[in-house]
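Colleague: Generate a structure from the sequence data that follows.
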Amino acid sequence: MPTLFDPIELGAIHASNRIVMAPLTRGRATRSHVPTGIMVDYYRQRAAAGLIISEGTGITREGLGWPYAPGLWSDDQVEAWKPVTDAVHEAGGRIVTQLWHMGRVVHSSVTGQQPVSSSVTTAPNQSHTYDGKQDYEEARALAIHEIPRLLDEYRHAARNAIRAGFDGVQLHAANGYLIDQFLRDNSNFRDDIYGGPVENRIRLLAEVTQALADEIGADRTGVRLSPNGDVQGANDSNPHALFPVAAEALSKIGIAFLELREPQGESSFRPNEVAVVAPAIRAAFNGALILNSDFDGESARRAVQDGIADAVAFGRPFIANPDLVRRIADGLPFNKPDMATFYTQGAEGYTDYPLAEETVAA
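Modeller: Below is the predicted model of the structure:
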C-alpha cells in the first residue's frame, strides 16, 4: 500500500507526496480582491506540500463577499497571482486555485448587489463585512436563464487560473456556498430541473464541473464537497442518498481529484451530525479521494496506508506550520495557530510562524 510520502498523480498534476494544503481563507488581498506581495511569501513557505489548494478565490464580484479575499475575474488579479504561482513552482511545489461563488453567504455592502442562491432564502447568523459583522440579507433565486451566464463565469475564471500559472482548479461545492445551496434540500426549494429529486439537485454541480473540464481539462479539475450536517445553514435530510450520487456524476466526468471536508470521527472544529458518508463516496468515485478535517500525522498515515484515502489535506495545521511536511515526517510537534490573526491583514499570524529548527533554538 502507498504511504503518505509516496508521490501521486492527481490527473495531470504530479504531487511529490500525499500531504495536501487545504484551501484556507486568510484575507490578505486588497479591497479590489487583488493578491498582494505577502501572499507570495505565504504560499512559497508551504510549497513542500504535495499539492496546495489555494484559498477560496472569487469568480465574480457577485459571488465574493469575504473582505480582502482574492479574485480571478480581472487582468489585474491574474497578473498579481503570477508571482505566487511562480514562487510555488520555483520551490518545487504544485498549486491549484479554488474557484468560489459564495451564493447567499455574502453581504451587499461587500458585493454591491443582492445575494443569489438556489431559492429565496436567508442564511443564518452574520456576514463578515468591511464594517464588521452584519446580518445576512435575503437572497434572490438564480433564474434559470442566468445559469448559462454562471457557467461562462466559471469558464472565464478557469481560463484566468491557467493564465495566472495555476496547475489546475478546484470547484468549491462545499461548506454552504452556492453549489452546496443547490445540492441540499433545506436550501433548494426549486420546482424546475435544478430542484426536487437528487438527480436535479446535483445538476448544477455536474454542469459547472463539466464546463471547467471542457475549458482546461478534466485532469486539471478537482471538486470539494462537505457531506456532513448543517454548514452555514445548508443541510440535507438524507446526505447518504445525495453525496454518493454526486460523486458518481463527478467520476463520470473524470475529474483529477475529489476532496471531502468531513470529520472522520470526533471533531475539534465542526462535529459530524450524521454518520460518515466518505466510505459510500469512496465506492462511487473512481478517482483520487482526498480527505480533510482533524487529521494529525499518524491518522493521516493510517488513512493512506489503509486505502481509506489517496491523500490527506490539512487546513489549520498548515496555517501555523509552514514546514508541516517535515514535522509530520520527523514526528515533530506542531505550532498552534492564532485564531485572532486568521483574517487580519499583515504578516502577523501569516508569514511569521517559526520553523521547527527556530522553535528548538528558541
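
Colleague: from the middle of its chain, how far away would stretch 40-48 be?
Modeller: Distance of stretch 40-48 from its chain centroid, counting by C-alpha atoms, centre = their mean, to the nearest Å, is 17 Å.

Colleague: Give me the contacts around that stretch.
Modeller: 17, 21, 26, 28, 52, 54, 83-84, 87-88, 90-93, 95, 318, 322-326, 350-351 (C-beta atoms under 8 Å, 6 or more residues apart in numbering). For every residue, glycine as well, the C-beta is placed using N, CA and C.

Colleague: Among the residues you listed, which are located in helices?
Modeller: 83-84, 87-88, 90, 318, 324-326 (DSSP state H).

Colleague: From those residues, list just the buried residues.
Modeller: Neighbour counting with 16 or more other C-beta atoms under 10 Å marks 83-84, 87-88, 318, 324-325 as buried within these.

Colleague: In stretch 182-196, which residues are buried?
Modeller: Result for stretch 182-196 [16+ other C-beta under 10 Å]: buried residues 182-185, 187-188, 190, 194-195.

Colleague: Repeat that for stretch 323-334.
Modeller: 323-325, 327-328, 332, 334.

Colleague: pLDDT averaged over it - what is it?
Modeller: Mean pLDDT, stretch 323-334: 97.

Colleague: Kindly report the same for stretch 96-103.
Modeller: According to the model, stretch 96-103 has a mean pLDDT of 98.

Colleague: what do you get for stretch 345-360?
Modeller: Mean pLDDT, stretch 345-360: 88.

Colleague: for it, the distance to its chain's centre please.
Modeller: Relative to the centre of its chain, stretch 345-360 is centred 24 Å away, using C-alpha atoms, centre = their mean.

Colleague: C-alpha coordinates for it, CSV please?
Modeller: Extracted C-alpha coordinates of stretch 345-360, given in CSV (Å, rounded to 0.1, in the frame of the first residue of the first chain):
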residue,chain,number,x,y,z
GLN,A,345,-4.1,41.9,7.3
GLY,A,346,-0.3,41.8,7.6
ALA,A,347,2.4,39.3,8.4
GLU,A,348,1.4,38.6,12.0
GLY,A,349,-0.1,35.1,12.1
TYR,A,350,0.5,34.7,8.4
THR,A,351,4.2,34.5,7.4
ASP,A,352,5.8,34.7,10.8
TYR,A,353,5.2,31.2,12.3
PRO,A,354,8.6,29.7,13.2
LEU,A,355,10.1,26.7,11.5
ALA,A,356,10.9,23.6,13.6
GLU,A,357,14.6,24.5,14.0
GLU,A,358,13.7,28.0,15.0
THR,A,359,11.4,26.7,17.7
VAL,A,360,14.1,24.4,19.1
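
Colleague: Which residues does that stretch contact?
Modeller: With contact meaning C-beta under 8 Å, 6+ apart, stretch 345-360 is reached by 26-28, 38, 41-42, 45, 68, 319-323, 326-327, 330, 332, 335, 337-338, 340-342, 362.

Colleague: Return the residues in contact with residue 195.
Modeller: Residue 195 sits next to 118-119, 188-189, 201 when contact means C-beta under 8 Å, 6+ apart.

Colleague: for residue 19, same thing?
Modeller: Counting by C-beta under 8 Å, 6+ apart, residue 19 makes contact with 4-5, 49-50, 300, 311-312, 314, 324-325, 328.

Colleague: Mind doing that once more with 10 Å?
Modeller: Under the criterion of C-beta atoms under 10 Å, 6 or more residues apart in numbering, the neighbours of residue 19 are 4-5, 48-51, 295, 297, 300, 304, 311-314, 317-318, 324-325, 328-329.

Colleague: Derive a ChimeraX selection command for the buried subset of those residues.
Modeller: Buried residues among these (16+ other C-beta under 10 Å), as a ChimeraX selection:
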select :4,48,49,50,51,295,297,300,304,311,312,313,314,317,318,324,325,328
